[in-house]
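A.B. asks: Dropping a prediction and its sequence here:
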Amino acid sequence: MNIGTKIKELRREQDVTQEKLADYLNVSHQAISRWENGTAYPDITIVPALANFFGVSADELLGVEVNEISKEEDNEYAEEWFKLANAGKSEELIELCRSILGKYPKNYYWMTMLAGALSRQRPKDEVTRKEIISIYERVLKDCTDDALRLDAKSSLVGEYSAIGEKELAKKTLRELPLIYNTRELAYVDALEGEERIAMMKSNILIFVRFCHQALGVISSTDKSLSVEEKCDLRRASLQMFDIIFGSEENAFFYNYYYFLSYKAIAKIYCEDNQLDKSIEYLLLAESSAERYEKFVAGGVQYHSNLILKGLEDNPQNITRNSNANQFFVLLEEIQSNKTFEKLRDCPDFIALMERLGKH
């Protein structure tokens, strides 16, 4: 099938007149007629606009055969991806995505998965960031899947910011929908009964994570805050989790967020030379790491407290950036941050470092 025949087919399927298509492309309706009759062809520069108008790929418009992945094979790849992600095997994730794209180079879903796998690398060098940005920009240029395009835009905000392209990051940010237009909120009206209740409980966890992130950003960036105010913001995040989960023992996966908060507070106090308090919160971070790793090593857990009662927390759904556990993460951060050198002669700190080194 030539491009003119394809244009006619798509136009009739979508009930579009030659005049409407011509107006969109800023050409005459006679030009559309000539394309469809095969007496002329659209300029190559018009092809992307044509593809975008009909919501198809340029390959489909041009009649290029695309090697499509089967549902069964795609599911097998997805299962392998989650196993690797759960084990924190970042390099293997990247290799898997590259091998899939070697067979299916036009698969935009696996393009975004490759970009996501590359994003897990720590630290990310300039070459890696450029590849990530290139992948997402290609998705925006050629892909017609709204969900994948949204994912690409969302990820590009952070990537553009990281390379100093602040204005481009802001422009991309403005193209993203407001939180009020998300699936999570729309589900309130679409679901009923137990499904609706389960979705609302999941929403609580999503939004409490947003609040945790917001409080952390304010604590770390507002220069007008005192040391105690910075710590109080972090503790407010912990109090919020206590309300939701009832206790840290029942937080399961979310002990990860307790861990992050305790670690941040320990650093703040250490920078202010309040060494006893710094040690106190490092020990709390260690306890959170222990609860988190216990959850990861176990099976599915179900929340029993009032707010989240019955909601499942499955360690198999966890993806890590590396195969290191949280004890190693804490140890590495302490060793790499010169702030904590002030604690090196404290007996409790020495004992902590010895314990972390054994995990």
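C.D. replies: Sure thing, it's come through.

A.B. asks: Which parts of the stretch 201-350 of the chain are helices?
C.D. replies: All helices of the stretch 201-350 of the chain, identified by DSSP state H, counting those that start in this stretch, fall at 227-245, 255-271, 275-297, 326-336, 347-358.

A.B. asks: Need these in TSV (columns: mean pLDDT).
C.D. replies: Shown next, in TSV, are these (pLDDT from 0 to 100):
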stretch	mean pLDDT
helix 227-245	96
helix 255-271	97
helix 275-297	96
helix 326-336	94
helix 347-358	95
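
A.B. asks: In a markdown table: the ones you listed, plus distance to residue 211 and mean neighbour count.
C.D. replies: The C-beta positions use only the backbone N, C-alpha and C, and glycine is treated the same way. Output for the helices of the stretch 201-350 of the chain, formatted as a markdown table (distance: least, CB to CB, whole Å; neighbours: other CB atoms under 10 Å):
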| stretch | distance to residue 211 | mean neighbour count |
| --- | --- | --- |
| helix 227-245 | 6 | 17 |
| helix 255-271 | 10 | 22 |
| helix 275-297 | 18 | 19 |
| helix 326-336 | 22 | 17 |
| helix 347-358 | 29 | 14 |
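
A.B. asks: Show me the one of these that comes nearest residue 143.
C.D. replies: helix 255-271 (32.2 Å; CB to CB).

A.B. asks: Could you tell me the angle between the closest one and helix 326-336?
C.D. replies: Between helix 255-271 and helix 326-336, the angle comes out at 20 degrees (axes from the mean of the first three to the mean of the last three CA atoms, to 10 degrees).

A.B. asks: which residues are in contact with helix 255-271?
C.D. replies: With contacts defined as CB atoms under 8 Å, 6 or more residues apart in numbering, helix 255-271 is touched by 209, 212, 216, 219-220, 227, 230-231, 234-235, 237-238, 241, 248, 251, 275, 277-282, 284-285, 288-289, 291-292, 295, 326, 330, 333, 337, 339-340, 342-343.

A.B. asks: same deal with stretch 157-170?
C.D. replies: Outside stretch 157-170, the residues within contact range by CB under 8 Å, 6+ apart are 124, 126, 129, 132, 133, 136, 156, 172, 173, 176.

A.B. asks: rerun that using 7 Å as the cut-off
C.D. replies: 129, 132, 133, 172, 173 (CB atoms under 7 Å, 6 or more residues apart in numbering).
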